[in-house]
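Engineer: Just a sequence and a predicted model for now, questions to come.
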Amino acid sequence: MNRPIWIAHVDMDAFFASVEQRDNPAFRGRPVIVGADPKGGRGRGVVAACSYEARVFGIHSAMPISQAYRRCPRAVYLPGDRSKYARVSRQIFRIMERFTPDIEPISIDEAFLDITGSWHLFGSPESTGRRIKAVIREESGLIASVGLAPNKMTAKIASDLEKPDGLVVVPSSGIRDFLSPLPVGKLWGVGRRARESLARHGIRTIGDLAGRDIAEIVLLFGKNGDQLWKRANGIDPRPVHPLERAKSIGNETTFETDITDVEIIEDTLMRLSEKVSRRLRRAGFKGRTLHLKIRFDDFKTYTRAVSLDRPTNFADEIYRGVLERARTFPLGRRPVRLVGVQAANLVSRPEQPDLFPIPHPEEEKKERLHSALDVIESRFGEGVIKRRK
């Protein structure tokens with residue numbers, strides 16, 4: 001028997017900031033900003049997360065920390081504790097697993113849950129959503145917002161509408177009515193430029209877009225127009241993918257001041273390569289494609305990729321690949337603001353292209369060496385070992 005599909009989007013409210021307010025009563029009711037050091041308004045990083053009290057001042061994630069400081073210099077500014085947030089996240093996900101095994105993590109603080117086959121155990125889809133929220137609050141002291149709908153897109157939009165502590169239920173018969181009055185920017189894939197383009201054609205709400213002929217939208221937006229029109233009409237057939245594998249692993253850093261010193265840039269690329277190398281091994285992956293990211297003082301950002309013959313998680317090989325790409329830029333002549341290193345096209349074990357493989361003693365030796373280095377750094381801290389470039 002085909003049951004109606006019910007998907008929940010569970011989103012922790014102001015997660016990092018809420019964890020800090022929970023753990024320090026002095027922070028409750030105050031604007032809390034997690035991210036880079038504002039340095040009295042001269043900081044160069046960004047806001048990672050902020051409490052709802054901070055959002056009153058127009059502060060939001062990814063905002064330059066200097067701008068956040070100008071808007072609210074009296075806020076509590078914290079560097080954040082990633083390991084603590086990860087522990088709390090694992091607790092939240094273990095709670096969600098009590099309601100369904102079909103969970104697709106989106107980030108550390110949100111996930112899609114397919115409750116189609118389990119909601120009847122808790123009474124109804126709505127009562128399931130209420131119970132998820134209640135258990136999270138009881139056991140973690142944190143607040144979640146939940147959207148319930150027949151598809152992922154609508155569930156995600158619903159979870160965002162009544163934050164914090166929201167619960168919005170959208171039945172299949174009410175999807176069009178629910179979406180129609182909302183700003184078109186609520187749709188996935190509609191950013192500022194798309195909004196401006198749609199507005200020039202008199203399209204400002206999702207209903208405006210849904211009411212247009214699909215051929216007109218395809219003419220305006222090319223192949224993406226088809227998906228855009230379908231989303232506006234509440235059509236999203238994508239299933240929940242439980243425990244979807246990571247697509248890439250990377251790290252990046254923003255310099256305190258724009259850098260022209262080539263040695264500093266190359267040293268930073270080495271450090272980032274080491275971090276990516278360790279994260280790959282901890283996750284049991286190797287990467288076949290390496291990406292360099294570089295942003296100059298004019299905020300123009302470039303990426304360069306290199307494909308490897310054999311996947312790797314060795315720091316020296318990652319560094320060699322990204323350094324080769326970095327040297328295609330005029331380092332030393334253009335000030336650099338940010339650099340990043342990423343490994344993609346991940347594989348969970350070494351690929352062997354030969355039918356009768358020949359042992360690679362050098363690779364085995366490197367595997368043992370990197371394992372030993374990981375043990376040393378996990379015991380004494382990152383940076384205890386200095387590698388030569």
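Structural biologist: Okay, I see it.

Engineer: For this structure, which segments are assigned as strands?
Structural biologist: 7-12, 32-35, 47-50, 76-78, 103-107, 110-114, 144-149, 167-169, 248-259, 286-296, 301-312, 336-347 (DSSP state E).

Engineer: Which elements pack onto the longest helix belonging to the chain?
Structural biologist: In the chain, taking DSSP state H as the definition, the longest helix is helix 262-283. If you count contacts as 3 or more C-beta pairs under 8 Å, 6 or more residues apart in numbering; DSSP states H and E, helix 262-283 packs onto strand 248-259, strand 286-296, helix 315-326, strand 336-347, helix 361-380. For every residue, glycine as well, the C-beta is placed using N, CA and C.

Engineer: Show me the beta-bridge partners of the residue nearest the centre of the chain.
Structural biologist: The centre of the chain sits closest to residue 107, judged by C-alpha atoms, centre = their mean, with a distance of 5.3 Å. For residue 107, the beta-bridge partners are residue 110 (DSSP bridges).

Engineer: Give the burial count for residue 61, as a bare number.
Structural biologist: A count of nearby residues for residue 61, using other C-beta atoms under 10 Å, gives 17.

Engineer: That one against residue 47, yeah?
Structural biologist: Yes. Using C-beta atoms under 8 Å, residue 61 is in contact with residue 47, at 5.4 Å.

Engineer: Quick one, grab the pLDDT at residue 371.
Structural biologist: What the model reports for residue 371 is a pLDDT of 55.

Engineer: per-domain residue ranges of this structure.
Structural biologist: Annotated domains of the chain cover 1-179, 180-232, 248-380 [automatic domain parsing].

Engineer: residues touching the nearest residue to residue 148 once chain neighbours are set aside, list them.
Structural biologist: Nearest non-adjacent residue to residue 148, counting by C-beta to C-beta, 6 or more residues apart in numbering: residue 169, 4.6 Å away. Shown in contact with residue 169 (C-beta atoms under 8 Å, 6 or more residues apart in numbering): 125, 126, 129, 148, 149, 158.

Engineer: Let's see if you can find the most crowded of the residues you listed.
Structural biologist: residue 129 leads those on contacts (other C-beta under 10 Å) with 31 neighbours.

Engineer: Average pLDDT for the longest helix of the chain, rounded please.
Structural biologist: Helix 262-283 comes out with an average pLDDT of 91.

Engineer: Pull out the CA atoms of it and give them to me as CSV.
Structural biologist: Extracted as CSV, the C-alpha positions of helix 262-283 are listed here (Å, rounded to 0.1, in the frame of the first residue of the first chain):
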residue,chain,number,x,y,z
VAL,A,262,55.4,34.2,-1.3
GLU,A,263,57.0,32.2,1.5
ILE,A,264,54.1,32.9,3.9
ILE,A,265,51.6,31.9,1.3
GLU,A,266,53.4,28.7,0.5
ASP,A,267,53.8,27.9,4.2
THR,A,268,50.1,28.4,4.7
LEU,A,269,49.3,26.1,1.8
MET,A,270,51.5,23.5,3.5
ARG,A,271,49.7,23.8,6.8
LEU,A,272,46.3,23.5,5.0
SER,A,273,47.5,20.5,3.1
GLU,A,274,48.5,18.8,6.4
LYS,A,275,45.0,19.5,7.9
VAL,A,276,43.2,18.2,4.9
SER,A,277,45.6,15.1,4.9
ARG,A,278,44.7,14.4,8.5
ARG,A,279,41.0,14.8,8.0
LEU,A,280,41.0,12.5,5.0
ARG,A,281,42.7,9.7,7.0
ARG,A,282,40.4,10.1,10.0
ALA,A,283,37.4,9.8,7.7
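
Engineer: Going by neighbour count, list what's buried in it.
Structural biologist: Buried positions in helix 262-283, judged by neighbour count with 16 or more other C-beta atoms under 10 Å: 265-266, 268-281.

Engineer: where does the stretch 1-150 of the chain have low pLDDT?
Structural biologist: Flagging of the stretch 1-150 of the chain using pLDDT under 70 yields the residue ranges 1-2.

Engineer: Show me where it has its helices.
Structural biologist: Assigned by DSSP state H, counting those that start in this stretch, the stretch 1-150 of the chain shows helices spanning 15-23, 52-55, 65-71, 82-96, 125-140.
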